[in-house]
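>>> coordinates for the following, if possible.
(one chain, ligands or ions: 1)
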Amino acid sequence: MLPRLTTDTPERSPVGLGFRFALAETLLERESTNAEFIEVAPENYVGAGGKRRRLLDAATERFDVVSHGLCGDFSGAAPVDDDLTLALKHFLRTHRARWYSDHLCLTHAAGAELHDLIPLPFTTEAVQRAAGRIRELQDRLDLPLAVENVSAYVRMPGAEMDEATFVKSVVEHAGCHLLLDVNNVYVNSQNFGFDPDDYIDALPLDRVVQIHVAGHHREDDGLLIDTHGAPIIDPVYELLERTLPKLPQHPPILLERDHHIPPLAELDVELKTLREIAIRSAS
Ligand SMILES: [Fe+2]
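Residues are numbered from 1 along each chain as shown. Coordinates of the predicted model:
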């Protein structure tokens, strides 16, 4: 029973926008927007001052905030960064976070940050390692954690289960929540040839606290790349619309846009479509 962000009507998912420096000033200047909350990556603001900090503070006064990490490593191979975890805990307390989310993937190897989201092997050992790391982080942050299903372009060797079973097993072993990225499900379904609805049906949907949607890029050879650099396509909207009625709650829906950022008015049109889907799905 975690989601509780403000909407104009109580019984539907609120829609929000990833808070990006490039959008911040227009978002704050605009009198009205379809964005009902923002999502912030704390790593981008820990220790930040000046204009970056002022814009964040102004945005958090106006909007509800959810926090989403970029560099948690759930392979369990690298030690937890003590300083970053403490700073993160302070950030999350300051912004009254009710949960914290990060990607269910590998971000570090041989002591170095990879600056990419590398999929984990779908093995029992990886489930146990990830669940252990999630429990540790939940304890240290004193906050529920949600893990996000990631997009992928290769499968790690040695899989003992399919992707949906892996995600479900991690969530159940860790006792954590799920951030369901509907675009990532669609991207992987195309790249690896599975049915996205079957995948979603196999997840622990009662654990979903938030949803991501975004646009992606199709390469000439048909591979889909999760760029967050294009508008959401209709099959992703349709997958979202089929998914929402399956969820026992109304989790917030976040539009991710990180590249080729258009004028806010264009993103507002996408947010309006998401809002209409949320209203239809709730009725
Ligand atoms: Fe996402």
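
>>> export stretch 50-69 to PDB, keeping only CA atoms.
Taking C-alpha atoms only, stretch 50-69 is exported to PDB below (Å, rounded to 0.1, in the frame of the first residue of the first chain):
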ATOM      1  CA  GLY A  50      24.100  26.800  -7.100                       C
ATOM      2  CA  LYS A  51      21.500  26.900  -9.800                       C
ATOM      3  CA  ARG A  52      21.100  23.100 -10.000                       C
ATOM      4  CA  ARG A  53      20.200  23.000  -6.300                       C
ATOM      5  CA  ARG A  54      17.900  26.100  -6.500                       C
ATOM      6  CA  LEU A  55      16.000  24.600  -9.400                       C
ATOM      7  CA  LEU A  56      15.600  21.300  -7.600                       C
ATOM      8  CA  ASP A  57      14.400  23.000  -4.400                       C
ATOM      9  CA  ALA A  58      11.900  25.100  -6.400                       C
ATOM     10  CA  ALA A  59      10.600  22.000  -8.200                       C
ATOM     11  CA  THR A  60      10.200  20.000  -5.000                       C
ATOM     12  CA  GLU A  61       8.100  22.800  -3.500                       C
ATOM     13  CA  ARG A  62       5.700  22.600  -6.400                       C
ATOM     14  CA  PHE A  63       5.600  18.800  -7.200                       C
ATOM     15  CA  ASP A  64       5.500  15.600  -5.300                       C
ATOM     16  CA  VAL A  65       8.800  13.800  -5.800                       C
ATOM     17  CA  VAL A  66       9.900  10.200  -6.300                       C
ATOM     18  CA  SER A  67      13.600   9.200  -6.200                       C
ATOM     19  CA  HIS A  68      15.200   6.900  -8.700                       C
ATOM     20  CA  GLY A  69      18.800   5.700  -8.600                       C
END
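
>>> is any part of it close to the ion?
No - residues of stretch 50-69 are not located near the ion by Cβ under 5 Å from the ion, the shortest gap being 7.8 Å. Placement of C-beta: from N, CA and C, glycine included.

>>> which of the helices or strands spans residue 231?
Assigned by DSSP states H and E, residue 231 falls within no helix or strand.

>>> quick one: it from residue 262, how far?
8 Å (Cβ to Cβ, to the nearest Å).

>>> after the lowest-mean-pLDDT helix or strand in the chain, which helix or strand is next?
Lowest on mean pLDDT, DSSP states H and E among the helices and strands of the chain sits strand 112-118, with a mean of 65. Following strand 112-118 in sequence order, the next helix or strand is helix 124-141 (DSSP H and E).

>>> what sits up against that following helix?
By Cβ atoms under 8 Å, 6 or more residues apart in numbering, the surrounding residues in contact with helix 124-141 are 72-77, 80, 85, 88-89, 92, 100, 104, 120, 144-145, 147, 160-161, 166, 169-170, 173-176.

>>> now the helix or strand hosting residue 179 against helix 124-141, angle please.
For residue 179, the element it lies in under DSSP H and E is strand 177-181. Angle of strand 177-181 versus helix 124-141, following axes from the mean of the first three to the mean of the last three Cα atoms, to 10 degrees, is 110 degrees.
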